[in-house]
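Asker: predicted model, plus sequence, below.
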Amino acid sequence: MCLDLVRRGIERVSWVAEGYQEKYSCGGCKRCELSDKVKEISSNYPGREKHILTALWQSFQNHEFPQSPVKSNSDLHKESQIDFCPKEALRRMWKGDLQTSEALFEERKDTDPVCAAHYAEAAFLKTLLTGNETCKGEVLERLNYSERVAEGIVRANEAASVLDSKPSIAHIRSAQQLQLALLVQAEAVLLKSGHMLFSKKVASGSMNFRKAWKLYQRVQQISEALWKLNKNQFSKEELKSIKTMESDLKNFLEFGEGVICLSLKMAPESMGKLSKAVLGIESDKNKGLKLLYSCINSRGPRAPLALIFVLFWLLIYIPEFVPGKEERYKESQSLIRFALQEFPSSPFFIWLSSYLNQKKGNLQRAFSELHKATRSIKRFELPFSGRLAFEKGWLLFLCQDWQNAINEFEVAAQNGVNSCFIMLLLGVSYCMSGELRSAEAILQEVEKATVESNDKWMTRRAQSFLKRRWFQLFPFEIMYVSDYIQGMKLEWYERVDEFLKEFEVQEGEEKALFLLLRGAILRNAGNLKGSLDCLTESLELEPEVTSEMWVVPHAYYETAMVYVRSRDWESALHFLKTAKSHKGKFDFRRALNFKLNA
């Protein structure tokens, strides 16, 4: 019998080991039915190897032996239409086999709201990789489509929301289908509202946010009604199918409510107050994180997106100066390790690992992780990642390898990542490599660009750079205002300080800026006396600072940080208060939340 199985291709049973992991069983397809059977045998029979092979042989004889639902070649996905397992396809998608899984979800998106949601998710992952504006539009288009599909399912199952004391199993399944469609609809509306709010469309974004919350509340009400039912009337198999669906519903609900609670914490205070007054929702960070961690630990269909959202919170949203940075890095490392155990070779989580190492100053390790992510993309024949090209360019920029940084930024721009930030970095890199005419042309282009209000700091930097003499300060100025000077290794600080010491900046305003940057470098390198000398001299030049208004409050802030390091709390508090109360065109309190308004 074993030889017969080998002759037919043992690769057909290579996935059976996953049957021991209940987390991937959807309970519906042939593949998962056999996996569940193997799991039951392995738990209850002492001579399990013989019984497992017997079960496999019977399945093969009855022509029920399932193919692996996802092939490495996207042209072969049609073979698995009968035995399609959405959870396994989703898992493969996050591991990097994006094209095959996307094709499988596309075939079923018209009738299955979950497949429509995962089809939109595939577009989101493509956008993460490419950074392309076309892909961003595709995400919105697919979210709209999944919302329409879900609305159709809701209308078809509307009557199922009314439950009597002894409903049939068919009625309960209809109620669960209604809940699932409502959850997909709520998620699409919630994600669209986030895009609208980021695009400064506050009115429409707030309306969609409110609509999403109401849809989640309706699902919660139906769940409460289902929990009150006496389920003793149903068979063991019927109860199993109900519980399988309940697990997925809970996962989608935890993700949505967790995102809402945590998003309100990130939103401006005025929006939080409005949400509390109109919807009764409070910005509860602890509740949001608890729901998202529960979603992650259940390993359900929304676990990978919950991982991405929590990592965004830890690594990107919370500023570096907020206490607890090392604890946040440890937690991020733990989450990324968990993600790569669940989704081995995932280019998305390997990229986040690179980003974490970059934040910690491990630039060589960050390069290594980016190369791994690139290899993973090539293995699955994914589109070239302009985003990863930008990340490589930024790492080279931090390492002051200007020519190679130029090459990577140009590759990123050629592959659709045409942000003003890339053009600004490209212009500065050309300056540092001595190609001043090219640099001037690019910076003039950035100066004239029409950008969102959040990105206007880039046009201001370009405008400032075009007027100033000491271009050698430009890259370190960008690193400082983008909060990347903190966390580097001692060798990096020493190399930068040696470079800056070569210049004798005499002009008043540029000298104040030069001394601020050097003071920050020395403070992070541990040279507190040298740092304090530079910062004190920078503050003495305050009357000469007329255009770079951000320099003065940041010099006060850096001085306060020097005193914090030396445990002179009284002096530190004095300089912090001075920075906060600084009068002028620059709002330093806002800078503490988003430093890039320099």
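Answerer: All right, it came through fine. Residues are numbered from 1 along each chain as shown.
Asker: for Glu138, give me its contacts.
Answerer: By C-beta atoms under 8 Å, 6 or more residues apart in numbering, the contact list for Glu138 reads 123, 126-127. Quick note: C-beta positions are derived from backbone N, CA and C, even for glycine.
Asker: tabulate these in JSON lines, adding columns for pLDDT and neighbour count.
Answerer: Listed next are these as JSON lines, based on pLDDT from 0 to 100; neighbours: other C-beta atoms under 10 Å:
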{"residue": "Ala123", "pLDDT": "91", "neighbour count": "20"}
{"residue": "Lys126", "pLDDT": "87", "neighbour count": "22"}
{"residue": "Thr127", "pLDDT": "86", "neighbour count": "18"}
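Asker: now, these that are in helices?
Answerer: Using DSSP state H, the subset of those located in helices is 123, 126-127.
Asker: so Ser283 sits against Ile260, correct?
Answerer: No: contact criterion C-beta atoms under 8 Å: Ser283 and Ile260 do not qualify, at 9.4 Å.
Asker: quick one, which of the two is more surrounded?
Answerer: Ile260 (24 against 20; other C-beta atoms under 10 Å).
Asker: tell me which element the closest residue to the more buried one other than its chain neighbours falls in.
Answerer: Among residues not flanking Ile260 along the chain, Trp213 sits closest, at 6.1 Å (C-beta to C-beta, 6 or more residues apart in numbering). Applying DSSP states H and E as the criterion places Trp213 in helix 202-227.
Asker: buried sites along that helix?
Answerer: The neighbour-count check on helix 202-227 (16 or more other C-beta atoms under 10 Å) flags 205-206, 208-213, 215-216, 218-219, 222-223, 226 as buried.
Asker: same deal with stretch 176-195?
Answerer: Under 16+ other C-beta under 10 Å, the buried positions of stretch 176-195 are 176-193.
Asker: quick one: distance of whichever helix or strand Leu335 is part of to the chain centre.
Answerer: Assigned by DSSP H and E, Leu335 falls within helix 325-342. The chain centre lies 13 Å from the centre of helix 325-342; the measure is C-alpha atoms, centre = their mean, to the nearest Å.
Asker: now tell me what touches it from outside.
Answerer: Contacts for helix 325-342 (C-beta under 8 Å, 6+ apart): 91, 94, 296, 299, 303-304, 307, 310-311, 314-315, 318, 346, 349-350, 352-353, 356, 359-360, 487.
Asker: repeat the analysis, applying 7 Å as the threshold.
Answerer: The set of residues external to helix 325-342 that reach it, using C-beta atoms under 7 Å, 6 or more residues apart in numbering, is 299, 307, 310-311, 314-315, 318, 346, 349, 352-353, 356, 360.
Asker: state the mean pLDDT of that helix.
Answerer: Regarding helix 325-342, the rounded mean pLDDT is 94.
Asker: same check, this time on stretch 580-591
Answerer: Across stretch 580-591, pLDDT averages out at 61.
Asker: filter the contacts of helix 325-342 to the buried ones?
Answerer: Counted by 16+ other C-beta under 10 Å, the contacts of helix 325-342 give 299, 307, 310-311, 314-315, 346, 349, 352-353, 356, 360 as buried.
Asker: distance from stretch 201-220 to the middle of the chain?
Answerer: Distance, centroid of stretch 201-220 to centroid of chain: 22 Å (C-alpha atoms, centre = their mean).
Asker: now for Gly361: which residues touch it?
Answerer: Per C-beta under 7 Å, 6+ apart, neighbours of Gly361: 487-489, 492.
Asker: residues of stretch 146-163 that come out buried?
Answerer: So stretch 146-163, judged by 16+ other C-beta under 10 Å, has buried residues 146-147, 149-151, 153-154, 157, 160-161.
Asker: Met93 is in what secondary structure piece?
Answerer: According to DSSP H and E, Met93 maps onto helix 86-95.
Asker: name the next helix or strand following that helix along the chain.
Answerer: By DSSP H and E, the next helix or strand past helix 86-95 is helix 98-108.
Asker: the inter-axis angle of that following helix versus helix 86-95?
Answerer: 150 degrees (axes from the mean of the first three to the mean of the last three C-alpha atoms, to 10 degrees).
Asker: does anything pack onto helix 98-108? Which helices or strands?
Answerer: For helix 98-108, the helices and strands in contact under the criterion 3 or more C-beta pairs under 7 Å, 6 or more residues apart in numbering; DSSP states H and E are helix 86-95, helix 113-130.
Asker: buried residues in it?
Answerer: 98-106, 108.
Asker: mean confidence for it?
Answerer: In this model, helix 98-108 carries a mean pLDDT of 90.
Asker: how far out from the middle of the chain is it?
Answerer: How far helix 98-108 lies from its chain's middle: 22 Å, per C-alpha atoms, centre = their mean.
Asker: for this structure, what helix or strand is lowest in average pLDDT?
Answerer: helix 2-9 (a mean of 41; mean pLDDT, DSSP states H and E).
Asker: where in the chain is pLDDT low?
Answerer: Scanning the chain with the threshold set as pLDDT under 70 gives 1-84, 160-165, 229-234, 267-280, 380-384, 418, 450-455, 583-598.
Asker: look up the closest residue to the residue nearest the centre of the chain, ignoring the ones flanking it.
Answerer: By C-alpha atoms, centre = their mean, the chain has its centre lying nearest to Ile308, at 3.9 Å. Take Ile308 and drop its neighbours on the chain: the residue closest to it by C-beta to C-beta, 6+ apart is Phe348, 7.4 Å away.
Asker: that neighbour contacts Leu128, doesn't it?
Answerer: Yes: counting by C-beta atoms under 7 Å, Leu128 is a contact partner of Phe348 at 6.1 Å.
Asker: still on that earlier bit, now tabulate the helices and strands packed on helix 98-108 in CSV and tack on distance to Leu395.
Answerer: Listed next are the helices and strands packed on helix 98-108 as CSV, based on distance: least, C-beta to C-beta, whole Å:
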stretch, distance to Leu395
helix 86-95, 24
helix 113-130, 17
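Asker: out of these, the one nearest Asp401 is which?
Answerer: helix 113-130 (23.8 Å; C-beta to C-beta).
Asker: following that closest one, which helix or strand shows up next?
Answerer: Downstream of helix 113-130, the next assigned helix or strand under DSSP H and E is helix 133-156.
Asker: for that following helix, what is the distance to the chain centroid?
Answerer: Centroid separation between helix 133-156 and its chain, computed with C-alpha atoms, centre = their mean, is 21 Å.
Asker: next one: the helix or strand following it to chain centre, how far?
Answerer: Using DSSP H and E, the next helix or strand after helix 133-156 towards the C-terminus is helix 169-198. With C-alpha atoms, centre = their mean as the basis, helix 169-198 stands 21 Å off its chain's centre.
Asker: same deal with stretch 532-548?
Answerer: Remark: stretch 532-548 is offset 39 Å from the chain centroid, using C-alpha atoms, centre = their mean.
Asker: which residues does that stretch contact?
Answerer: With C-beta under 7 Å, 6+ apart, stretch 532-548 has contacts from 464, 508-509, 511-513, 515-516, 518-519, 522, 551-552, 555, 558-559, 562.
Asker: for it, C-alpha coordinates in PDB please.
Answerer: Taking Å, rounded to 0.1, in the frame of the first residue of the first chain, the C-alpha atoms of stretch 532-548 are listed here in PDB:
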ATOM      1  CA  LEU A 532      26.000  70.900  25.800                       C
ATOM      2  CA  ASP A 533      28.700  73.200  24.500                       C
ATOM      3  CA  CYS A 534      27.300  73.000  20.900                       C
ATOM      4  CA  LEU A 535      23.700  73.500  22.000                       C
ATOM      5  CA  THR A 536      24.500  76.400  24.300                       C
ATOM      6  CA  GLU A 537      26.300  78.200  21.400                       C
ATOM      7  CA  SER A 538      23.300  77.400  19.100                       C
ATOM      8  CA  LEU A 539      20.900  79.000  21.500                       C
ATOM      9  CA  GLU A 540      23.100  82.100  21.700                       C
ATOM     10  CA  LEU A 541      22.500  82.600  18.000                       C
ATOM     11  CA  GLU A 542      18.700  82.700  18.400                       C
ATOM     12  CA  PRO A 543      18.400  86.400  17.300                       C
ATOM     13  CA  GLU A 544      19.900  85.400  13.900                       C
ATOM     14  CA  VAL A 545      17.400  82.600  13.200                       C
ATOM     15  CA  THR A 546      14.800  84.200  10.900                       C
ATOM     16  CA  SER A 547      13.500  81.400   8.600                       C
ATOM     17  CA  GLU A 548      14.500  78.000  10.200                       C
END
